[in-house]
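In: Next come a sequence and a model predicted from it.
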Amino acid sequence: MTPAVSLDGITKRFPGVLANDDVDLTVERGTVHALLGENGAGKTTLMNVLYGLYEPTAGQIVVDGTERSFQTPQDAIDAGIGMIHQHFMLVDSMTVAENVTLGAEPRKWGGMAIDRDQARQDVAHLCDRFGLDVDPEARISELSVGVQQRTEILKALYRGTDVLILDEPTAVLTPQEVEELLSVFELLTEQDKTIIFITHKLGEAMRAADEITVLRDGRNVGTVDAEETTREELAELMVGREVLLEIETSPPDPGEVALSVDDLTVVNEQEIDVVSDVSFAVRRGEVFGIAGVDGNGQSELIEAITGLRYPQAGTIGFNGREITDDSRRERIDQGMAYIPADRHERGVVMEFDLVENGLLGSQHGEVFANNGRIDWSHTREHTETIIEEYDVQPPDPDATVSSLSGGNQQKFIVGREFARDPRLVVAAHPTRGVDIGSTEFIHERLLELRNAGVGVLLVSSKLEEVRGLSDRLAVMYEGEFVDTVDPGAVTEEELGLLMAGEQPEREVHADE
Amino acid sequence: TGGPTENDGDTENTDGGSASVAVVYATGGLGDGSFNDQAQTGLERAKEELSIQTEHSQPSDTSEFSRFQSQYAQSTSPDYDLVCCIGSLQGDPLSDTAPQFPDQQFMLVDANVDEPNVESYQFREEEGSFQVGHLAGLLTTDGLSTGAASTTDATSVGFIGGKENPLIKKFEAGFKAGVAYTDDSIDITSNYIGSFNDVTRGKEAALTQYNNGVDIIYHASGNTGTGVFQAAQEAGRYAIGVDSDQSKTESKYADHILASMVKYVNIAMFDAIEGVVEESFEGGTATELGLEQEGVKTVYGEAIGSEIPDEIKSKLETSKEQIVSGEISIPTDPSNV
Amino acid sequence: MSDVLSRAKERLRAVLERSARLSAVERILISTAALVLAVLVGAVLILVSGRMTTCTTAAATYFGVGFCYDPVTVFDRLFFGALGDPMNPLFRPFQGEFAPPFRKGWSPFNAAMAVTLRETTVLVLTGLSVALAFRSGVFNIGTQGQLVAGALASALGLLVLAPLVPGGVMGTVLLVPTGLGIGAVAGGLYGAIPGVLKAYADANEVITTIMLNFVAAQFALYLVSNHFQRPDSQVVETVPLPDGATIPSVVFDPRMKFSLFALAIAIGFGGVIYYLLRYTTLGYDLRTSGLQPTGAEYGGVKTKRTIVASLTLSGALGGLGGAMYVMMILGNFQTGVPSYGFDGITVAILAGNNPLGVLFAAPLFGIIKSGAIVIDTSTSMPPQLVDVLRGLIVLFVAMPEFFRMIGRRTIAEKPNPDGGEEDA
Amino acid sequence: MRELVSIGRRRGTLVWIVVLALVGVSLSGFVNKGTVSSTLRLSVPIAFAALGGIFAEKSGVINIGLEGHLIISAFVGIYATDLTGNVWIGFVSGVLASTLLAAVFAVVCLEFRADQIIAGLAVWFVALGLAPFLSTVIYGSVNADSASFAPITIPGLSKLPGVGALFDAAPPVYLMFLAVGGSWYVLNRTAFGRWVHASGENPQALDTAGVSVRRVRYVSVLLSGVLAGIGGASLSLSLGEFSGNGQTMVDGRGFIAIVVYLLGNYNPIGAFLSTTLFAGLQTVQIQLQSGYLPSSLVQTIPYLTVIVVLAVVGRTRTPDAAGDHYESGEE
Ligand SMILES: Nc1ncnc2c1ncn2[C@@H]1O[C@H](COP(=O)(O)OP(=O)(O)OP(=O)(O)O)[C@@H](O)[C@H]1O
Ligand SMILES: Nc1ncnc2c1ncn2[C@@H]1O[C@H](COP(=O)(O)OP(=O)(O)OP(=O)(O)O)[C@@H](O)[C@H]1O
Ligand SMILES: [Mg+2]
Ligand SMILES: [Mg+2]
């Protein structure tokens, strides 16, 4: 049988960067193929080449036995290739059906109008066929990330895609959503569709994929059978050395309360309570984790704590002082570091270079700004230190952040926030989009801070991360803490039940 | 069919003996169908009769006047014998420029600069405006019907000004005084458009006035006035022109233009130029031109002026004499009417 | 072999590209190229329209065809006229005649130069006003209104204060800074209105500032004509400011209405704003909000206050420009203020919203404004063409990519003309 | 965030209706056939330019040069009418001239990646100089005149009180209603309208869906030239006059058009309502001048009203990608 896709000697050169270096890749029809590699290894670039977004500097693309040359994504679409990017390409103000049919709208009245009923029906039909649960009438802006992703899949299927490429599809999903996605993969391959997906999660790759290809420094360093490989083998292929895959943590030594939250109620933009009456405390020297399906109020809770949103009721205390009405700036000044979930919106100013971003949040403090005058040379040194310590690539303090890969942006933000000499770190998805080597490093640093007596509030959709790092773990469901558990004792199944709002059989409380 | 034509000799830049004159027009520029155009006719006449060389410019804002004035004053090729400054806004800049160029002769219209090398000409617009106010008052009372237009039963007249400034208010004041002189009970509506150049809004304002029963509108609004004439045409009513005989300059609307309050800027221009050519230029003089000097005058419309009853015309003659003799005194501020 | 070549070429191109991204040199090159192209296109336009009109003598003859307007004269008048004709006609280095380059009797302190520089002075301030707001992500189209507010307030303030202050040098020392200060404060307050509306009522500043421009003009008209009208004047204006309240000229003849002192202040503000944006916390906050308000909020910037601050500062610069206009150029307040505020938008945009760039863009417009007057008085070409030229310059400066393309074609392709087929 | 916006928008519409009703009631004393037709006439150029602006900006290209389109079409309309003696030929020529200018703008923005705001300003400057310049070259004066549109009166209907004005107007007024309805339809019911929307909100989404963003933007910008051209030609040909002094007869209407479509939140109908609000206030303002307030203050009423309405209605949301250049294949 001819492979669905075969890439032959693909090379892609950017000014100053060799992103792909003579890559060969063969993907069989009806299989799932995972692509692994560190940040900047060239995964996204390779897929963009296959999708016609970039023209390769050299090499051939063979689809279904025919050599193809793609000038634009439309050419790739015509050849039956669909791609779902890390940043969804959806129009937020339009509905699911409108997005799915965009560019291929069913028409009526001799093309003079869109046949909206037809569009709705077509989409509903697709949903049925591939077991995707999406409301065609819903507006994208009102949907969770998982559903948005399904919309993207629908979009590709609507266009008759045979080969579906997904760039880090699970990075932003909750465990439940990941499960759903992987079962969608199964349904798709049953119907003879081919799937290529990029991931940083080894377990996922091994579970979902038939074959796994690892890229390093733009080269294909090996394609392995998912059944036969091990996590260790994959990690070594990716990083070129052995990687510690388990999080090793020592017992905590909690000190006084760093952060206390009492009866906190937060409303969202529609004035609906999204956090109701939540109380908890984070002590110095411990990691307090919050697990939960995205959209259950975690982000609003965190924004209230970090000062980006004011609560409706309740109080927040920090270092023994009430800070409920303090501004974001005052909280920063008092030693609160914050790794935000949406780095493009919050964590960095995309058009600034690294030096300018190194100052973000510290511009009012004494260290880098004296009497309103910024000490740029000091800021630059500081930035260079972060870059070096956290291995930010490229190590160029004058590079604009937007030119860094997502993983490197994340490393930079983490570095900057950890370097703040904080008393409390609020970390939301600190390793999202970060490769395993760097993830390991970030985890180590996080634990170092905790051991040095810093309180850590951790929110993550990666269950092994919250379980592995947290000393106590709260589960959030519909704006409330349904339970606080001992992360060492709880099983994934139990956690899953709690996150779905159900009580497991066994009592899993953590002792306060 | 453009480009240079063969020089057949009928031109401007000939015999060395004649004078050369530069004109700095008021902002608003040529083609306004009133003030600047009227000045230009004086220049044209001088060109023909005195065969002078001319040059002109049309500044776009006030801050440019002094620069234009001195640019001409210092020019050596040609060395201008006279620089004409049109419009009241040129007064201030000229009081700075004139002393800088004591050898340069200037003439100034609509303001007074007391310098030995400046001849100032000012007009008593309120006198002419009084006359057309009187005319409007009489006609709205007595009624008039010509082919294309007619008055209504109501006695109501209107005024439309361009920008609201003291000069235009002089027109308004004179007009109102003239109407009131006819009959105190006549309604007067008065609107300012805020621009000398907005035909559209001039038209809408005039239409509004006509819709509200106004018979006759007197405008002092430059280009904006074209809109007033259009409105008169659409509504079948009357209008009174300003600055030049607008039944001629805007002949499309002649059937609706009863008269125009002509301000003979051209005469002032011609006189000054003639003075220069005949070497009788008298700096330091301020000439005030009113009804008496025929500097302002009511000129009846070319097409329909003849339909105005003689009896009304003679009443106007009478009031003119009273103004000249000082029997009637006219305010220059509308709030004093 | 072609591999080595193409790699060398790649490297060269990378270098070019990198320097293209960073350099101010490139900006200057592009601006110059834009200027040249605008002049060329303008010349064609002049020739074409010169065929459309009729005239008795040809102003110029090219290729045996006579034209009514001569582009060479027009541009000579535009650029050199604005400087008061500095060039010695006998200085023709290309023909090998090296007479002294400057015309005898030419002084840099001439009237044309004064106009150029005084326009420049006001335009630097309005350009900075717009640039500062744009850099903070606020589209302040209202510099015109803020300028009017500043002009009016400084004139009225000085008229009230002047009698209370001793005459002579002492009076000037007191009154001039006061007048400038009043202008800045008034402009700042007027700018704060759309700032507050944007920050606290979410009102789009493009709309409010455009509307407030009209309001300022009308309100000034009302105030002056109903309360401060100069008696016996035919236009709406206040009485003249006393001598001590106008900015004293330096070197230039006082009647030329230009003060080097004022220009120095304006340039000083260019430096101040540059410093503010680059080296201060406030400037960092402003730039951060301008680029990414959500990121700014995260970084502890009080975004609402920053919006108000940027519009207030921007308004203050506009108001200062207004005070300069009144205290240097007019000597009183008159309605019908020229459109310095709108020209400021163009200046700022041409300068890439860089305060130091403004110092270069403003003189260009000063020259165009002043040179237009010279064209009007010394050629028969209708001066509106200067507006077209201004538009063309702006248009060409707006498309750096066009010049980069040309630049790439001519520089990067040439070393290896036959290797081009390898890359897309 | 997005939710907030959509709620805000919905609330905005509500507030709008209330505000309009209030303004309407308080001004009802002035509503008669005369003021209604005056309002409609004053609306024409603004409404057309605003519709044009909506198409361009919704597709992601901010066309700040609407004023320039109005100016050039106003002049060419008069010139061509004068040459041919036929108002309709003049009208079409005016529209063509404006479209040509839009084409230049489109090329400069889409091919040469020009900053849209700068290029738009340039378009304005060029037109502001070119129209009076050509007028001077051709007519020896910045002002020119020609024949004008004759009104079309629909018998019977035109006699209705108040609304009678809708049936007794020059052709541009009827065209305006067609264009508002048509624009709404195109934007909300056709595939092209959806592409315009996507092209302005998330061009990558459109591009990866296989529709050429470049083509959509070209068409939109050209459409904005056509529509603004209709506005400009209507302005001058309703009068048979072009006046080119100062800011020319267009005198800022292109900028008011931007205000109006922002206020109408990029909805053709909202923009039209805002236009009539503004034009209606202009009409009423003339009537109020005769009261005891100084006319200089009365003239601020339309502008202040817009500010107040905006402060009450609040946010207008610009399309996400408006002003950004988009190159296919960009990450
Ligand atoms: N458009 C571009 N211009 C220049 N360099 C680029 C471009 N796109 C990618 N690169 C560079 O190519 C290399 C590979 O990037 P790519 O995005 O393919 O990595 P990745 O494997 O997807 O990384 P990540 O895991 O962080 O997503 C990086 O060094 C990146 O900086
Ligand atoms: N202007 C640029 N110069 C160099 N490289 C760039 C530029 N713009 C984008 N890139 C590269 O393009 C690649 C893709 O960008 P993108 O933002 O999708 O990164 P990503 O790694 O996939 O990020 P994320 O994890 O945040 O989704 C990145 O690897 C980045 O290095
Ligand atoms: Mg990637
Ligand atoms: Mg990534």
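Out: Ah, there it is. Ligands and ions are numbered 1, 2, ... in the order given.

In: Wait, a helix at B:Glu327?
Out: No: per DSSP: H, G, I helix; E, B strand; the rest coil, B:Glu327 lies outside any helix segment and is coil.

In: what pLDDT does the residue nearest to B:Glu125 when sequence neighbours are not counted get?
Out: Nearest residue to B:Glu125, sequence neighbours excluded (C-beta to C-beta, 6 or more residues apart in numbering or on different chains): B:Lys170, at 4.8 Å. From N, CA and C alone the C-beta is placed, and that goes for glycine too. Listed pLDDT for B:Lys170 reads 92.

In: Counting neighbours, what do you get for B:Lys170?
Out: The local packing of B:Lys170 (other C-beta atoms under 10 Å in any protein chain shown) involves 24 other residues.

In: C-alpha coordinates for the host helix or strand of it, CSV please?
Out: Taking DSSP states H and E as the criterion, B:Lys170 maps to helix B:166-182. Presented in CSV, the C-alpha positions along helix B:166-182 are these (Å, rounded to 0.1, in the frame of the first residue of the first chain):
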residue,chain,number,x,y,z
PRO,B,166,-17.6,91.3,13.0
LEU,B,167,-17.4,92.0,9.3
ILE,B,168,-20.2,89.7,8.4
LYS,B,169,-22.1,91.0,11.5
LYS,B,170,-21.9,94.4,9.9
PHE,B,171,-23.9,93.1,7.0
GLU,B,172,-26.4,91.4,9.3
ALA,B,173,-26.8,94.6,11.4
GLY,B,174,-27.4,96.8,8.4
PHE,B,175,-29.8,94.3,6.9
LYS,B,176,-31.8,94.0,10.1
ALA,B,177,-31.8,97.7,10.6
GLY,B,178,-33.2,98.2,7.1
VAL,B,179,-35.9,95.6,7.6
ALA,B,180,-36.8,97.1,10.9
TYR,B,181,-36.8,100.6,9.4
THR,B,182,-39.5,99.3,7.0
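
In: Just list what it packs against, helices and strands only.
Out: For helix B:166-182, the packing partners by 3 or more C-beta pairs under 8 Å, 6 or more residues apart in numbering or on different chains; DSSP states H and E come out as helix B:125-142, strand B:156-161, strand B:187-192, strand B:216-220.

In: Give me whichever of the ones you listed is most buried.
Out: strand B:216-220 (a mean of 31; mean count of other C-beta atoms under 10 Å in any protein chain shown).

In: Pull out the buried residues from the helix or strand just after that strand.
Out: Per DSSP H and E, strand B:216-220 leads on to helix B:224-235 as the next helix or strand towards the C-terminus. For helix B:224-235, the neighbour count (16 or more other C-beta atoms under 10 Å in any protein chain shown) marks B:224-233, B:235 as buried.

In: Can I get the residues you listed in a markdown table including pLDDT and distance to chain A?
Out: A markdown table is the format used below for the buried residues of helix B:224-235 (pLDDT from 0 to 100; distance: C-beta to the nearest C-beta, whole Å):
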| residue | pLDDT | distance to chain A |
| --- | --- | --- |
| B:Thr224 | 89 | 44 |
| B:Gly225 | 91 | 48 |
| B:Thr226 | 91 | 43 |
| B:Gly227 | 93 | 41 |
| B:Val228 | 95 | 46 |
| B:Phe229 | 95 | 46 |
| B:Gln230 | 93 | 40 |
| B:Ala231 | 94 | 42 |
| B:Ala232 | 95 | 46 |
| B:Gln233 | 93 | 43 |
| B:Ala235 | 91 | 43 |
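
In: Please convert the residues you listed to TSV, extending it with distance to D:Leu222.
Out: TSV is the format used below for these (distance: C-beta to C-beta, whole Å):
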residue	distance to D:Leu222
B:Thr224	34
B:Gly225	37
B:Thr226	33
B:Gly227	32
B:Val228	38
B:Phe229	37
B:Gln230	33
B:Ala231	36
B:Ala232	40
B:Gln233	37
B:Ala235	39
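
In: what residue ranges in the stretch 51-200 of chain D score low on pLDDT?
Out: In the predicted model of the stretch 51-200 of chain D, residues D:158, D:160-166 satisfy pLDDT under 70.

In: where along it do the strands fall?
Out: D:144-145, D:152-153, D:168-169 (DSSP state E, counting those that start in this stretch).

In: Touching the last one from outside, list them.
Out: By that I understand strand D:168-169. Here strand D:168-169 makes contact (C-beta atoms under 8 Å, 6 or more residues apart in numbering or on different chains) with D:33, D:37, D:40-41, D:151-154, D:158.

In: quick one: which of those is most hemmed in?
Out: D:Arg41 (26 neighbours).

In: nearest residue to B:Tyr253 other than its sequence neighbours?
Out: Nearest to B:Tyr253 is B:Phe229, by C-beta to C-beta, 6+ apart, at 3.8 Å.

In: of the buried residues of helix B:224-235, closest to C:Lys369?
Out: B:Thr224 (26.7 Å; C-beta to C-beta).
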